[in-house]
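>>> Kindly return the folded structure for what I paste below:
(chains A and B)
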2 protein chains.
Amino acid sequence: MSVLIVGSIALDNIKTQTEERMGLLGGSASFASLAASFFAHTRLVGIVGTDFPAEHIELFKSRGIDLKGLQIVEGKTFSWSGEYEWDMNNRRTLSVSLNVFESFRPEIPSEWRTTPFVLLANIHPSLQHHVLDQIEQPRFVVADTMDLWIETARTELERLLQRVDLLILNDSEARQLINQTSLIRAGRLIRKMGPKFVVVKKGEHGALLFGEEEFFSCGAYPLEDIHDPTGAGDCFAGGLIGSLAGAGVGTVHFAHLRKAVVHGSVIASFNVESFSVERLRHLTTIEIAKRFERLKHMAMIEAKELASR
Amino acid sequence: MSVLIVGSIALDNIKTQTEERMGLLGGSASFASLAASFFAHTRLVGIVGTDFPAEHIELFKSRGIDLKGLQIVEGKTFSWSGEYEWDMNNRRTLSVSLNVFESFRPEIPSEWRTTPFVLLANIHPSLQHHVLDQIEQPRFVVADTMDLWIETARTELERLLQRVDLLILNDSEARQLINQTSLIRAGRLIRKMGPKFVVVKKGEHGALLFGEEEFFSCGAYPLEDIHDPTGAGDCFAGGLIGSLAGAGVGTVHFAHLRKAVVHGSVIASFNVESFSVERLRHLTTIEIAKRFERLKHMAMIEAKELASR
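Below you'll find the model as predicted:
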């Protein structure tokens, strides 16, 4: 089944403590749609300027991503510059140039309005609402958000929570949204604000999935080196919704979401191994399946290792 | 099979942001031996003063803990006072009075020197060495440690690592010991310092177990409220070694350690629900088994939930 993804498309300038790269493909919709494309047919809605490199368009196409919803308008593409500290959990935004993104009004092509799986990747909640207003009876809607919207657009965000099935946010955002230090309590309370399910991402510590009565704790894939954490959360969201759509389920149950969270974690773990989307460019479904199996084994409490001894 | 546990026994004064309690049973060996006693026959080596309340002795006895190695000497019991911030991950030591603990030389009763499972709970590495010098061919030795010893007794600690099978330490201690921000790299590098296995505890984020080629990520049991985190790490270590001894395995394999890490996590999760050892006092093996099963279910990536739908 198909996935519709709406979000930002950017050209990123990334500085780590060892390297600096300019003009990289970035933005929440870029990462998310590439991630989703490994599991399901993916439809991308976004906006870029006429300066947007053709090679990025080609990359999307090479992954079979449908670009009918991509607006290419006169002007420059949204640009973000950021710097990571030695501890890559900490980053600073150096500059943001909205450019053509400032006038973005996501328009969903009419034949896409019945797409069953929808990811509202990280953009302003009012744009996320605008997308939902155009969708007819979606089967499952996932929304991502960020600290900026919790701070500056709380009312629209709270209203959005009543329209989505799953909210994804990171640990500090969860604490911020609900003003609680306990992530367990935060996850449960956010569910009461609307979404049936909540995922709290914890970076190197994995992710927590909250359902009505169920709870799933997913460890992160163990990586010694992280080259560029940019887009990890977007890849997680994209891999998650792609996994659900790929499974083609009629009603999304908790067990589907467990697998989808792991698929999201797997894609995110590949993505941070290289700058921008470089790792995704050559990623294979066999590599994904292998890492999925390894994560499954790593989480096993009663493993079968002994059987063979 | 039996477990030998050597560590501190203390009277704690604990202040949280909501409560304050004086003269509570504390110390690494107290928590660890009570935790271990749920799984295996437990032998305790430690020192207390003549002021040590008889009710604490009775508690140990009621759990079947053998106290032949407990020295009761003229003077006052080791005392620790600490305060927790709102975020209970942060605590401050307000005062420490070593008292009789200052002259502690752990003496292992001769009939205990062949105990197969040994836990060197958190005490000075030179005392941990002194214990190992008295033990004959232990099957499996676990050592716990803390930031203070990494800072002030590094040489003795490094020498100890070559004599133990498993080192347990928390995330900040792992980073401190090896001077690495990546916990994955830290865990792997600490293994190269001697111990066959390493556990990195991450509090609310669970624990990581490192073996030669294997890796296990254990989520923490989800608790909304924590009343007193004191002793959680000691309970984890005690539950872990108790689980190994209880299983009575000849050679400890990675699969045994997976279960043992979960047992440790389960006992620790109960312990933080009340002050001091109060929760352990009335804990039952049925409660332990239930929480073990719940953690197993929470970690499942491919759960059987769908089968019944």
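>>> CA atoms for contacts and neighbours, from now on please.
Fine.
>>> Chain B contacts on chain A?
Within chain A, the positions lying close to chain B (Cα under 8 Å from any Cα of the partner chain) are A:87, A:181-185, A:205, A:214-219, A:222-225, A:253-255, A:258-259, A:262, A:296-306.
>>> So how do I select the buried members of those in ChimeraX?
Of the residues of chain A next to chain B, the buried ones go into a single ChimeraX selection, burial set by 16 or more other Cα atoms under 10 Å in any protein chain shown:
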select /A:181,182,183,184,185,205,215,216,217,218,219,222,254,255,258,259,262,296,297,298,299,300,301
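>>> out of the residues of chain A next to chain B, which are inside helices?
The helices, defined by DSSP state H, take in A:L183, A:I184, A:R185, A:F254, A:A255, A:R258, A:K259, A:V262, A:K296, A:H297, A:M298, A:A299 from the residues of chain A next to chain B.
>>> Kindly indicate which of those lies nearest A:G231.
A:V262 (16.5 Å; Cα to Cα).
>>> my read: the closest one touches B:I301, true?
Yes. Counting by Cα atoms under 8 Å, B:I301 is a contact partner of A:V262 at 7.3 Å.
>>> Which of the three states applies to A:L70?
Three-state call for A:L70 (DSSP: H, G, I helix; E, B strand; the rest coil): strand.
>>> which residues in the stretch 201-309 of chain A form strands?
For the stretch 201-309 of chain A, the strands defined by DSSP state E, counting those that start in this stretch cover A:207-210, A:215-218.
>>> A:K15: what's it in contact with?
A:R21, A:S81, A:G82, A:E83, A:Y84 (Cα atoms under 8 Å, 6 or more residues apart in numbering or on different chains).
>>> who does the helix or strand where the second one lies touch, helix- and strand-wise?
Same thing as A:S81. Using DSSP states H and E, A:S81 falls within strand A:79-84. Secondary-structure packing of strand A:79-84 (3 or more Cα pairs under 8 Å, 6 or more residues apart in numbering or on different chains; DSSP states H and E): strand A:10-15, strand A:91-97.
>>> strands paired with the shortest one, and their directions?
Counting by DSSP bridges, the strands paired with strand A:10-15 are strand A:20-26 (antiparallel), strand A:79-84 (parallel).
>>> Next, format those as CSV and append distance to B:A247 and mean pLDDT.
What follows is the strands paired with strand A:10-15, written out as CSV (distance: least, Cα to Cα, whole Å; pLDDT from 0 to 100):
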stretch, distance to B:A247, mean pLDDT
strand A:20-26, 52, 95
strand A:79-84, 47, 95
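>>> could I get those as a markdown table with mean neighbour count?
Compiled in a markdown table, those are given as follows (neighbours: other Cα atoms under 10 Å in any protein chain shown):
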| stretch | mean neighbour count |
| --- | --- |
| strand A:20-26 | 17 |
| strand A:79-84 | 19 |
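>>> how much space between A:I65 and B:R92?
54 Å (Cα to Cα, to the nearest Å).
>>> low pLDDT regions in chain A?
A:304-309 (pLDDT under 70).
>>> same thing but 90
A:17-18, A:85-91, A:180-181, A:224-226, A:248-250, A:302-309 (pLDDT under 90).
>>> contacting residues around A:S8?
A:G27, A:S28, A:A29, A:S30, A:G46, A:I47, A:F78, A:F101, A:A121, A:N122, A:I123.
>>> so the fifth one bridges to which residues?
Taking DSSP bridges, one finds A:L70 as the beta-bridge partners of A:G46.
>>> Could you report the neighbour count for it?
Neighbour count of A:G46, defined by other Cα atoms under 10 Å in any protein chain shown: 26.
>>> do the last one as well
Summarising burial for A:I123: neighbours were counted as other Cα under 10 Å, giving 20.
>>> separation between it and chain B?
Applying Cα to the nearest Cα, to the nearest Å, the value for A:I123 to chain B is 29 Å.
>>> One more: the fifth one?
Going from A:G46 to chain B by Cα to the nearest Cα gives 33 Å.
>>> re earlier: inside helices: which ones of the contacts of A:S8?
Short answer: those in helices (DSSP H) are A:S28, A:A29, A:S30.
>>> returning to that earlier point: can the helices and strands packed on strand A:79-84 go into a markdown table with extra columns for distance to A:L167?
Converted to a markdown table, the helices and strands packed on strand A:79-84 look like this (distance: least, Cα to Cα, whole Å):
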| stretch | distance to A:L167 |
| --- | --- |
| strand A:10-15 | 23 |
| strand A:91-97 | 23 |
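>>> Could you look over these and pick the most buried one?
strand A:10-15 (a mean of 22; mean count of other Cα atoms under 10 Å in any protein chain shown).
>>> tilt between that one and strand A:91-97?
If you take axes from the mean of the first three to the mean of the last three Cα atoms, to 10 degrees, strand A:10-15 sits at 140 degrees to strand A:91-97.
>>> For the residue nearest to A:H129 when sequence neighbours are not counted, which residues are in contact?
Counting by Cα to Cα, 6 or more residues apart in numbering or on different chains, A:L160 is the residue found nearest to A:H129 once chain neighbours are left out, at 6.6 Å. Residues near A:L160 by Cα under 8 Å, 6+ apart: A:P125, A:Q128, A:H129.
>>> Okay, A:L160 and A:L166: tell me how far apart.
11 Å.
>>> Also A:E204?
Taken as Cα to Cα, the span from A:E204 to A:L166 is 22 Å.
>>> Neighbour count: those two, which is higher?
In this view A:E204 and A:L166 are compared by other Cα under 10 Å, and A:L166 has more residues nearby, 24 against 17.
>>> which phi and psi does the more buried one have?
phi -140, psi 130 (degrees, to the nearest 10).
>>> Check the one 3 residues further on too.
In this entry, A:L169 is assigned phi and psi values of phi -150, psi 160 (degrees, to the nearest 10).
>>> Find the nearest non-adjacent residue to it, please.
In space, A:L169 is closest to A:V200, 5.3 Å off (Cα to Cα, 6+ apart).
>>> sec struct for that neighbour, please.
A:V200 ends up strand, using three-state DSSP.
>>> okay if I get the strands of the stretch 201-309 of chain A as CSV plus distance to A:A232?
Shown next, in CSV, are those (distance: least, Cα to Cα, whole Å):
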stretch, distance to A:A232
strand A:207-210, 12
strand A:215-218, 15
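>>> Go ahead and name everything in contact with stretch A:64-75.
Outside stretch A:64-75, the residues touching it (Cα under 8 Å, 6+ apart) are A:33-34, A:37, A:41-51, A:60-61, A:99-100, A:107-109.
>>> Bridged to the closest residue to chain B within the stretch 101-250 of chain A, which residues?
In the stretch 101-250 of chain A, the residue found nearest to chain B is A:F216; the distance is 4.6 Å by Cα to the nearest Cα. Assessed by DSSP bridges, A:F216 has beta-bridge partners A:L209.
>>> Contacts only, for it.
A:L208, A:L209, A:F210, A:R258, B:H297, B:M298, B:A299, B:M300.
>>> Right, I'll leave it there.
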